[in-house]
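1. Can you look at this prediction? I've put the sequence above it.
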Amino acid sequence: MDAETTTIESSTNRQQQLARRWIDGFNAALASGDAEAVSQLFAPISFWRDLVAFTWNIKTVENREGVRDMLAATRDDARPVVFSLAEPASEANGIIEAWLTFETKVGRGEGLVRLRDGLAWTLLTALSELKGHEEPKGPRRPLGAEHGVIRGRKSWAERQADEARTIGFETQPYVLVIGGGQGGIALGARLRQLGVPSVVIDRHERAGDQWRKRYKSLCLHDPVWYDHLPYIDFPANWPVFSPKDKIGDWLEMYTKVMDINYWVSTTAKSAVYDKDHSTWRVIVDRHGETLELRPTHLVLATGMSGKPHIPAFRGIERFRGEQHHSSQHPGPDAYAGKRVVVIGSNNSAHDICAALWEHGADVTMVQRSSTHIVRSNSLMEIGLGDLYSERAVDRGVTTHRADMIFASLPYRIMHEFQRPVYDAIRERDADFYAALRKVGFMLDFGADDSGLFMKYLRRGSGYYIDVGASDLVIDASIKLKSGVPVEEITETGVRMADGVELPADLIVYATGYGSMNGWAADLISQDVADRVGKVWGLGSDTPKDPGPWEGEQRNMWKPTQQENLWFHGGNLHQSRHYSLYLALQLKARQIGLATPVYGLQEVHHLT
């Protein structure tokens, strides 16, 4: 054995010993119920992120004080708790990483701890399943065939038809999911596997129409490895960036093969919470027929964005041409040779401008505030490549492993991991950024130079993943009006504060969306919307994400201040990952487990 091999083995043994020592100490302190002893196993600056396992919430506590408080409140409900090392520990830059498995009184979970100088710097604990209510997969998969001779047996198709005929009529769903995009569909699949009676409703005629009916150039800007749905990965030959109609077809197929009770052409008209019975009364219009549903839990899965927002520009009602929000934009075909003004400069604005230019429209982009831009190739190679790529898969980083790594980084310090990524991107694409600035495009890299993901998590806006439109801005194929406020909408166009009028046959307002609790205001009441408060954001005290610091996405995938009302959504990654934790919370309540919530979301902002 050579010296190098001996050194590697010695280092590995040291990592294992330190990891096992910490786990042994952690188990002993948890068993004793001594919250102070547990807290001393954490560094003075440290973070414990829990996904449902201890808190029945999605909650990050910080430093020893946070750990002590959380354990003091939750230890009796979780015990006995036993943690084990799931695989050999590793070390990089003085940090030991150890993957964990654990059991609590009611469930099993997995996690990741990072040790610095023998103490926990970060800890992730995530509930994977409830004991006695495990998903029927792997060795527990259903047999399917019923061998033998059974008089009067019903086929699988007949049983499915019976369920579809009776649920919502003779029986009530335990969970009603309003919104049948990727979020509602992913949650519907999770609930089905856990045996939670549920219905997903959507106003469109077909599952996937949420994608099909958008502008025709729409495609995913995230790569395929980032976008799998639960249980069924995209095929190995699926495009890296999925076109909208292909995603629509996949979602429609998925609802069928995952046996989701999915009601198309169904619109929720109103919802009222019945406190006496702890159920909702939801009036829906299904194919023109009015029905009342009585679910116990109501999930608004209308995306991470709320209602389309159109600024109240003076004179907007007098414009003689066509105008609409980007969410209603039909695509470029009808606008060849037309003059189009697109107000906005983020993803949708760039996509719409590029497609219009390709079809011969005269396009002007109005940029009202600075935008973060990252080239798709750079994002793929530098930003996502270590976790979500073919390269990552070849190294054994599955989508699930990547999700857990990403989830293990506390939001408080995530920007510190992101800054070097975007510093490298800024250096790599320096000429590109210089060219954009030269034509007057206002650029930023986030409030603290942390780039795309932090902007998304904090505010859900303010960025564009460049797939070609920026070159059209640089060479003036897409005209740019930047840094000047809109004064008013005239009969024939958009007048800017500097007196310049931009003539238009069409105005597209790519001006974003409000908070998701706006849907709750429309469906339930403004009082309930205010009781829940703003949805999305971290409380980072950066633009469009006001403080105080909250540390998790506001009101997403977890209990809210309105009993039995939940919000679910986000991009495909979040819809996939967090649907498990929301489904487990709902299943626990369905089977009558005690679910004392630690750190229920406070309300600091209403919109």
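-> Yes, it's here. Since this is a predicted model, take the numbers as computed values, not measurements.
2. Tally up the residues packed near the residue lying closest to I316 once chain neighbours are set aside, please.
-> Distance criterion C-beta to C-beta, 6 or more residues apart in numbering; nearest residue to I316, sequence neighbours excluded, is I489 at 4.6 Å. Just so you know, the C-beta spots here come from the backbone N, C-alpha and C atoms, and that holds for glycine as well. Neighbourhood size, I489 [other C-beta atoms under 10 Å]: 23.
3. Just give me how far stretch 212-230 sits from the chain centre.
-> Relative to its chain's centre, stretch 212-230 lies at 14 Å (C-alpha atoms, centre = their mean, to the nearest Å).
4. partners of the residue nearest to I316 in the sheet?
-> According to DSSP bridges, the residues that bridge with I489 are V494.
5. Let me see the contact set for it.
-> Contacts for I489 (C-beta atoms under 8 Å, 6 or more residues apart in numbering) come out as F313, R314, G315, I316, R318, F319, Q323, R495, I507.
6. Are there helices or strands packed against the longest strand along the chain, and which ones?
-> Secondary structure of the chain per DSSP state E: the longest strand is strand 119-130. Secondary-structure packing of strand 119-130 (3 or more C-beta pairs under 8 Å, 6 or more residues apart in numbering; DSSP states H and E): helix 3-32, strand 42-51, strand 95-103, strand 107-116, helix 399-407, helix 572-590.
7. worst average pLDDT in the ones you listed?
-> Ranked by mean pLDDT, those end with helix 3-32 in last place, scoring a mean of 80.
8. Any chance you could list what contacts the helix or strand following it?
-> Sequence-wise, the next helix or strand downstream of helix 3-32 (DSSP states H and E) is helix 35-39. Identification of contacts with helix 35-39 by C-beta under 8 Å, 6+ apart yields F26, A28, A29, L30, R64, E65, V67, R68, D69, L71, A72, R75.
9. Now restrict the residues you listed to buried residues only.
-> Buried residues within the contacts of helix 35-39, defined by neighbour count using 16 or more other C-beta atoms under 10 Å: F26, A29, L30, R64, V67, R68, L71, A72, R75.
10. before we move on, back to that, could the helices and strands packed on strand 119-130 go into JSON lines alongside distance to A164?
-> As requested, the helices and strands packed on strand 119-130 are exported to JSON lines (distance: least, C-beta to C-beta, whole Å):
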{"stretch": "helix 3-32", "distance to A164": "46"}
{"stretch": "strand 42-51", "distance to A164": "33"}
{"stretch": "strand 95-103", "distance to A164": "37"}
{"stretch": "strand 107-116", "distance to A164": "31"}
{"stretch": "helix 399-407", "distance to A164": "31"}
{"stretch": "helix 572-590", "distance to A164": "20"}
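11. residues near K275, how many?
-> 9.
12. What sits closest to it if chain neighbours are left out?
-> E563 (7.8 Å).
13. correct me, but that neighbour touches T279?
-> No. Contact criterion C-beta atoms under 8 Å: E563 and T279 do not qualify, at 10.5 Å.
14. Looking at those two now, which is surrounded by more residues?
-> T279 (19 against 11).
15. contacting residues for G337?
-> G360, A361, D362.
16. Looking at those, which is nearest E135?
-> The nearest member of those to E135, counting by C-beta to C-beta, is A361 at 49.9 Å.
17. which residues touch that closest one?
-> A361 neighbours (C-beta under 8 Å, 6+ apart): P332, Y335, A336, G337, K338, R339, V340.
18. Could you pull up the contacting residues of the residue nearest to K275?
-> Y273, K275, S278.
19. follow-up on the earlier one: what about the following helix or strand past the longest strand of the chain, average pLDDT?
-> Scanning forward in sequence from strand 119-130 by DSSP H and E, the next helix or strand is helix 156-166. Averaged across helix 156-166, pLDDT comes to 91.
20. Dump the C-alpha coordinates for helix 156-166 into CSV.
-> Extracted in CSV, the C-alpha atoms of helix 156-166 (Å, rounded to 0.1, in the frame of the first residue of the first chain):
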residue,chain,number,x,y,z
TRP,A,156,-59.3,-2.2,-12.4
ALA,A,157,-61.1,0.0,-15.0
GLU,A,158,-64.5,-0.6,-13.4
ARG,A,159,-63.1,0.3,-9.9
GLN,A,160,-61.6,3.5,-11.3
ALA,A,161,-64.9,4.4,-13.0
ASP,A,162,-66.8,3.8,-9.7
GLU,A,163,-64.4,6.1,-7.9
ALA,A,164,-64.6,8.8,-10.5
ARG,A,165,-68.4,8.6,-10.5
THR,A,166,-68.8,8.8,-6.7
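21. what separates it from the chain centre, distance-wise?
-> 32 Å.
22. So for that helix, what gets flagged as buried?
-> For helix 156-166, it's none, nothing buried (16+ other C-beta under 10 Å).
23. Just the element for the closest residue in space to E491 that isn't next to it in sequence, please.
-> Closest residue to E491 apart from its sequence neighbours, by C-beta to C-beta, 6+ apart: R320 at 5.0 Å. For R320, there is no host helix or strand (DSSP H and E).
24. Now that we're looking at R320, what pLDDT does it have?
-> Model confidence at R320 (pLDDT) stands at 97.
25. Renumber starting at 4 from here on
-> I'll keep to 4 as the first residue from here, and by that count the last item is R323.
26. Tell me if I'm right that it and T493 touch.
-> No. Using C-beta under 8 Å, R323 makes no contact with T493, being 9.1 Å away.
27. which of those two has more neighbours?
-> The neighbour count for R323 versus T493, taken as other C-beta under 10 Å, is higher for T493 (18 against 11).
28. Can you give me every residue that contacts that one?
-> By C-beta under 8 Å, 6+ apart, the contact set of T493 is G318, R321, F322, E504.
29. same thing with I263?
-> I188, G191, A192, R195, V203, Y257.
30. Then E553?
-> Counting by C-beta under 8 Å, 6+ apart, E553 makes contact with G540, L541, G542, Q604, E605, H607.
31. picking that back up, need the buried ones among the contacts of helix 38-42 in TSV (columns: distance to P226).
-> Converted to TSV, the buried ones among the contacts of helix 38-42 look like this (distance: C-beta to C-beta, whole Å):
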residue	distance to P226
F29	36
A32	42
L33	39
R67	39
V70	36
R71	41
L74	39
A75	43
R78	41
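32. Please tell me I have it right and I61 contacts L54.
-> Yes. Contact criterion C-beta under 8 Å: I61 and L54 qualify, at 5.7 Å.
33. any common contacting residues for these two?
-> With C-beta under 8 Å, 6+ apart as the test, I61 and L54 both reach Y584.
34. Could you check which of those two has the larger neighbour count?
-> More crowded of I61 and L54, by other C-beta under 10 Å: L54, with 28 against 24.
35. Do you know the pLDDT at the nearest residue in space to F322 that is not next to it in sequence?
-> The spatially closest residue to F322, leaving aside those adjacent along the chain, is I492, at 5.1 Å (C-beta to C-beta, 6+ apart). Note for I492: predicted pLDDT of 97.
36. any idea how far G318 is from I492?
-> Using C-beta to C-beta, to the nearest Å, I492 is found at 4 Å from G318.
37. any chance you could map the helices in the stretch 354-503 of the chain?
-> Secondary structure of the stretch 354-503 of the chain (DSSP state H, counting those that start in this stretch): helices at 379-381, 393-397, 402-410, 414-431, 433-441, 454-462, 472-477.
38. Would you mark the buried spots in the third one?
-> With burial defined by 16+ other C-beta under 10 Å, the residues of helix 402-410 counted as buried are T402, R404, A405, D406, M407, I408, F409, A410.
39. Also the shortest one?
-> Buried residues in helix 379-381, defined by neighbour count with 16+ other C-beta under 10 Å: S379, S381.
40. just how off-centre is that helix within its chain?
-> 21 Å.
41. For the least confident helix or strand in the chain by mean pLDDT, name the packing helices and strands.
-> Counting by mean pLDDT, DSSP states H and E, the chain has its least confident helix or strand at helix 6-35, which shows a mean of 80. For helix 6-35, the elements it packs on are helix 38-42, strand 85-88, strand 93-95, strand 98-106, strand 110-119, strand 122-133, judged by 3+ C-beta pairs under 8 Å, 6+ apart.
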